[in-house]
Structure formats: C-alpha cells, structure tokens
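In: have a look; sequence and predicted model below, questions after that.
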Amino acid sequence: MQDRQGAVTIRTRGLEKRYEDTIAVQPLDLEVRQGEVFGLLGPNGAGKTTTILMLLGLTEPSGGSAEVLGLDPARNPIRVKRHVGYLPDNVGFYQGMTGRQNLRYTTRLNGIERKEAEDRIDGLLAQVGLADAGDNRVETYSRGMLQRLGIADALVKDPLVLILDEPTTSIDPIGVAETLDLVRDLAHNKGVSVLLSSHLLHQVQQVCDRIAIFVKGTVAATGTVAELAGRQQTGAQIQIEVGADGDPEAVATTLRGVPGVVDVARDPHDPRLWVVSGEPDMRGRVAQALVAAGQIPWQLRSRGMDLDEIYQRYFSQVAEAAAVPAGATDA
Amino acid sequence: MPERRSKARPAARGMRRPAPSHATTTVGQPVEAAAFVLPKVPPIPAGWRIIGGREFTEHLLSVRFLLLIALMGLVGVLVIYTLSSNIRELAGSLSDQLTYYTGEPFPVFLFLFSQPPVSGDTTLAAIPSFAQIVIQYIGPLLGLAFGFDAISNERTEGTLPRLVSQPIHRDDVINGKFVASLAIVALILGAIMLILAGIGIYRLGVVPTGDVALRLLIWWGFLVLYVAFWLALATLFSVIFRRAATALLAVLAVWLVVTFFGGQIASILANFLAPVGADGTTAARVANVNMQLSLLRLFPSGQFGEMTAVMLNPSVNALNASVTDPTGRAIPTLLPVGQSLLLIWPQVVTLLALTAACFAGAYVLFMRQEVRA
C-alpha cells in the first residue's frame, strides 16, 4: 500500500440520479484520495445514500460516471464490491445467527479462506468491543452493538475503500470516540479511503479531512473544514458573539460606539447575546470598551469557524436559492 | 427502466470469474493518477451457492421445518394406516381381475399413495388419499411456508443492503433462496414418502417392484415440481409485498380460489363454451366434460392431479372422456412407465412453464427494485 498514498480511489464526474418525478442527486463531481477521510454531510434525504449506492453499483446512475478503484461500479460491480467495505444506514443482521456467524457468512461470500477469516473475525470483534458478545445471537444485541458489528462486517474483507453510512447514530459517546479513532487509524495509517456520511456535524468535523456539504441532491461546498469556514467569512469582516454584564441595551450602545464595528444584532437563539460584525482587529477594542464601561464580558467568541454554522449557512444559501423557506427542509 | 438492466448485466456477467491480471486499466479510459493495482484476492465463489447454503441450514433448524415435518408425518401415517387395511381386501379381487387379462400382477403398492379406482366400496372412497391431500393442502402449504417471506424477510431484517454489497450479483440472492427452499421441500417430501413406503411394506406385506419404485421416484419429481410452482408464486408475492403477512394472505387467496373454486369455475365456463342443452346428446355431454377437463388443466392442481392419476395407476391409459365402449371389449392393460410419461408429458411441460413464469416475474421485479426500502 506504500506507493499509493494520495491516489484517487473514488471519482465521480457529473454523476446524477433522477427518478421519474424527483432528482435525487444532481450532477456531482467528487474525488476521494487514498488515506483520507471524506465526509458527506447533509440532512436526511439530501442524496447521500443514493450517491453511495451508485458508487457500489447497487443503483444505476441516470447520467455521468463513477470510478471506484479505477473501475466503473455499474459495469464491474463484483470487483468493486470485493474491495469496498460498506456499512449501510440501519444495518441489519440475521437474528438467529451469532455475531460471529454473521461475519463468517460475509467472509464466505468474499471467498476468504477459512483460517484467515477466523483470525480476522477474532481481531475485529475485539477491535469493535464485541469480543464477549460475538457468540451471542444477534437478536440479543442492542442497536449500538449492531452498529459495531456492522463496522466489523465492513472491515472483514480487508477493504481498500470503506463507505460508512451514518456509522455512529446509535452508538454511545464512548463508542463513538472509539469508532472515530478506528476510522482515523484505518485512513491515516493503513491507507484506506474512507467515505463517511453523516448528519452529525461534530463527528464529521472531528474525523474528516475533507467534507462535502450535501443539500437537496447538490454539493453546496467541498473542502477542508478550515477552507469552508474561510470561504464563508463575509469579505474582510468577522463576527463575534458578545455577552456582558449589565443591561443588554446599554451593552449594545457601548458596542456600537466601538471603532470598526459595523453592525450589532441580537443573537436569534440567545437573547442575552449580541452578534457584532466588523473589522478583523475590532476584538481587542470591543473588550477594552466593555471593560471601560463596567460591563464585564462573560462571553467573547468569534464566529464562523464552527462546522455547525458553516453548515447552517451553506444550507440556508441553497435553500434561499431554491426559494424555499429554510425551516421547511430542516431535517 | 429497461435499459438500466441491459446496460449493467452483460458486462457484469462477463466478470463472474475475475482475473486479477487485467484489473487496472481499460483501453480508452483516461488515466490521470497512478492506475490501481488491486491486491490479489482468492477467487470469489458463486454467490447463489453460499446464499443457498445458508438458507438451507436456516430452514433446517427452523421451527417451521419441524412443524411441517410433524404435520405431514401425522397426516401421511393416518391416511396410510386406514387405507392399507382396506387395500388388503381390495387388492385380492382387483389383482385377480387384472391378472386375468394382462398376465401380470397389479402394482397394488401404488394405491398407498393414490386413490384406488373403486366404485362399490364407499368406505374406501371416503378416505382421502395421500396424493389428494398433497394436491389440495400440503403442496401449496409447503411452497407457501418456504417462500412467502423469502425476500421481504431480508428487507425487514435490514440485511439486504449488506448482502448485495458483497461481491455477488443481485440475482444470486433470489436464485440461492429459491434453490435452497426447493431442496428443503424435496427433502421433506422424499423423507415422508420413504416413511410411508416403509409403513406400507409392513402393513401390506408387498414389496415394491423396480417398476413401482421408478413410478414413485418420478412422481416424487413431479411433486417437487408442483410445490416449486407454489414456491415460485409465494416468492413472487414476497417480492411484490414488502410485508410478509400481506404476501402470505395473497398466496392463501390464490390457493383458496384454485383449490375450492377451481372445479366450479371450470364447470361454469365449460357450460358456457360447450353447452349440453336440455336434451343433450351423448356427444355434447362428452364435449362438455372434455372442455371442463381442459379448463382444469390450466390450473397447477389440475395438471398435477392428472400426473398423479397416470403415474400412480398404470391402468389409466386415457385422460379425456370418451363414449364408453358399449360392448365392453376394451381390455384393461397396464401401461409401461414410458407410455405413462408420454401420456402426461404436456401437463408436465405446462406446469414447468407456469412455474418458470412465476419465478421469472419474481426475478425481474426483484432485479428492478431499489435496494433501499
């Protein structure tokens, strides 16, 4: 795997999917490289799963092309699927079989030799924290355990590309951290390409090297978290959230008087906060002015670097462009 | 929709046994970055076998398998037990009568499975034969039991996306499942027939000859085909309906109509198509009966009924009604196995075609369905 660092494993060109009356995925250009974790971020129904299914050759694209590991998944699905591990959304297993038996079935479908399969299964069950539960029937598993088993199942074929659809939705917080560590390790140390779809922003932010924000079948933006954040800064202005002791209106008056401040507006989510827009160097002056006025600040936070907000903003931009109220599509 | 499949399948077919050597580039494909050298992997086995193997094992350990074996065993043993005592009395006279004409003993053993051709003995006629029970109840029940949730089960358990993302073709899923269910059905039917034959040998004291054994073997094959029809129908409904309960009800409805109203429907239609009239001549009556028989032959139960009648009774040499020979000069003869086969071959082919049509419907629908619910 050494010389393939950075090679493109997944590439789509104008990939699209239309159903009779709806467009699930609009022409899409994506590139995922070896050893990187790529996040597909977007609300439910944004076309993430449809895209994934097209990459696996499970749904025929209506247009454009996809290339996975240099192969066209629509024409050569068997070879693609041999090297791509997939954890579906709401993964399910055969209830009457044990976790180990379910994994063994997957190894047999992949033609993995028995001895090697058993070794891998043992290793993976331990890795996902199911070493003790591996020999229990799946019907006794909790949702989170199923999802852990699903991750083991996706990895048991020793994939070059790993596609995870909502991998952490029902895992507990500790499990999430472990899962994300595992994903990061696979990508950065073993050279696996990981495509991770999620609507949980903070997890995506933690683990993904690059992300694509999916809204209504289109990619609103692609890039690293920092790039996306930079692109959303309006011109040379920055925004800071300010909360300070004293009468809010008095605080607002103080803020408006600071040189470099362009706009002061009440935060729609928290009425105690003011959102101050202005020149990049206004932060120190804002703090000084507040202290001088005896209104000691208890919050002074710059805005726009958090993925949550990037996402919200891209999302509302697309929604405005489509002339649909933003709240209507908030999933 | 149609071009979606035609585009993907042929190419995919050709890659059934991938050769790792020419994995990387295809001529004409733009290569920008370093082309991929996929690691060598062991050959990928035929998916339907592995899927079928798993299904088979699961069926074998399932409660429904045990229930059906128990039910069939119970029914079979009860029927055989009652029949065999009656057959013993009947066999003597029947055999004498036939031996007189043909010079060979009548294979009474076959009557263990089918209804003996009696006219006078009402007690015997009142007992349904094993074949009759199989045609009306057990055949459809078996097909239904192993088919109604074949595909919908994978959907409700959420295993379908995971399964089809393995290196298999999508049709491996439905093929493997169908083959596994059919194998289970063949196993159940074969086991029951062997048990019944054993009881029969003990009760009748007659050991089946090679000819009789061959007839029973062929009949077993037809029986499996008959159940295969119901299995294919149940599989079709399991593809159409997402909920197993709905599929179950749909198959039950078809079964009820065919089994209990099939005869009536055929008779009404026959009266319309070949009316007898108030002072119907014999010819008109015969035409009416033959029309009825032809219509019944459209139903799988009618086809299999005739297969049974011919295979399990070598003295049956015609299926259509004809004017009875008034002089009584028709000599009862026993047909050789080959001639019996020839007599019901059209029915066999028709049943095969019906089964294939049901399965093809299920196959095409399944291939077109989205993986996601």
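Out: Noted; the coordinates are in hand.

In: host element of residue 57?
Out: No chain specified, so I'll use chain A. Assigned by DSSP states H and E, residue A:57 belongs to neither a helix nor a strand.

In: wait, chain B
Out: Going by DSSP H and E, residue B:57 is in helix B:47-60.

In: what are the contacting residues of that helix?
Out: For helix B:47-60, the external contacting residues (C-beta atoms under 8 Å, 6 or more residues apart in numbering or on different chains) are A:94, A:96-97, A:105, A:108-109, B:65, B:146, B:163, B:166-169, B:171-173, B:175-177, B:179-181, B:183-184. Yep, even glycine has a C-beta here, placed from its N, CA and C like the rest.

In: residue contacts, the closest residue to chain A within chain B?
Out: Distances between chain B and chain A by C-beta to the nearest C-beta are smallest at residue B:158, namely 2.4 Å. Residue B:158 makes contact with A:88, A:90-93, according to C-beta under 8 Å, 6+ apart.

In: also residue B:232?
Out: Taking C-beta under 8 Å, 6+ apart as the criterion, residue B:232 is in contact with B:143, B:147, B:178, B:355-356, B:358-359, B:362.

In: that one and residue B:175: what is the separation?
Out: Computed with C-beta to C-beta, to the nearest Å, the distance linking residue B:232 and residue B:175 is 12 Å.

In: strands of chain A, residue ranges please.
Out: A:8-18, A:23-33, A:37-41, A:63-68, A:84-87, A:161-165, A:193-198, A:210-215, A:218-223, A:238-244, A:261-266, A:274-278, A:297-302 (DSSP state E).

In: which residues of chain A score low on pLDDT?
Out: Across chain A, the ranges flagged by pLDDT under 70 are A:1-5, A:229-237, A:304-311, A:315, A:317-331.

In: all helices for it, in order.
Out: Using DSSP state H, the helices of chain A run over A:48-55, A:77-83, A:99-109, A:114-127, A:143-155, A:173-190, A:201-207, A:225-232, A:248-256, A:282-292, A:307-321.

In: nearest to residue B:196, out of those?
Out: Across the helices of chain A, residue B:196 has its closest neighbour in helix A:99-109 (35.8 Å, C-beta to C-beta).

In: show me which residues of the stretch 51-200 of chain B sit near chain A.
Out: Residues of the stretch 51-200 of chain B that fall close to chain A, judged by C-beta under 8 Å from any C-beta of the partner chain: B:51, B:54, B:58, B:61, B:157-159, B:161-169.

In: now, of those residues, which are buried?
Out: The neighbour-count test (16 or more other C-beta atoms under 10 Å in any protein chain shown) marks B:51, B:54, B:157-159, B:161-169 as buried among these.

In: residue 276: neighbour count?
Out: Looking at chain A here, since you left the chain open. By other C-beta atoms under 10 Å in any protein chain shown, the residues close to residue A:276 number 26.

In: if you could check chain B rather than the one you did, that'd help
Out: Using other C-beta under 10 Å, residue B:276 has 15 other residues around it.

In: for residue 81, grab the count of nearby residues.
Out: Here I'm looking at chain A. By the measure other C-beta under 10 Å, the count of residues near residue A:81 is 26.

In: oops, I was thinking of chain B
Out: 13.

In: show me what contacts it?
Out: Neighbours of residue B:81 in contact, by C-beta under 8 Å, 6+ apart: B:199, B:203.

In: what of residue B:220?
Out: Applying C-beta under 8 Å, 6+ apart to residue B:220 gives the contacts B:186, B:189-190, B:193.

In: skipping adjacent residues, who's closest to residue A:252 in space?
Out: Excluding the flanking residues, the one nearest residue A:252 by C-beta to C-beta, 6 or more residues apart in numbering or on different chains is residue A:264, at 5.4 Å.

In: and that neighbour, what are its bridge partners?
Out: Beta-bridge pairing for residue A:264 (DSSP bridges): residue A:276.

In: surely it meets residue A:255?
Out: Yes: Residue A:264 is within contact range of residue A:255, at 4.8 Å (criterion: C-beta atoms under 8 Å).

In: okay, those two: which has more neighbours?
Out: Comparing residue A:264 with residue A:255 by other C-beta under 10 Å, the one with more neighbours is residue A:255, at 24 against 19.

In: and that one, what is it in contact with?
Out: Contacts of residue A:255 by C-beta under 8 Å, 6+ apart are A:242, A:261, A:264, A:274, A:276, A:286, A:289-290.

In: again, but for residue B:151
Out: Contacts of residue B:151 (C-beta under 8 Å, 6+ apart): B:160, B:173-174, B:177, B:235, B:238-239, B:362, B:366.

In: and residue B:139, what's its pLDDT?
Out: The model reports residue B:139 with a pLDDT of 84.

In: okay, and the spatially most central residue of chain B sits in which element?
Out: The centroid of chain B falls nearest to residue B:226 when counting by C-alpha atoms, centre = their mean (1.7 Å). Residue B:226 belongs to helix B:210-240 when assigned by DSSP H and E.

In: avg pLDDT for that helix?
Out: What helix B:210-240 shows for mean pLDDT is 91.
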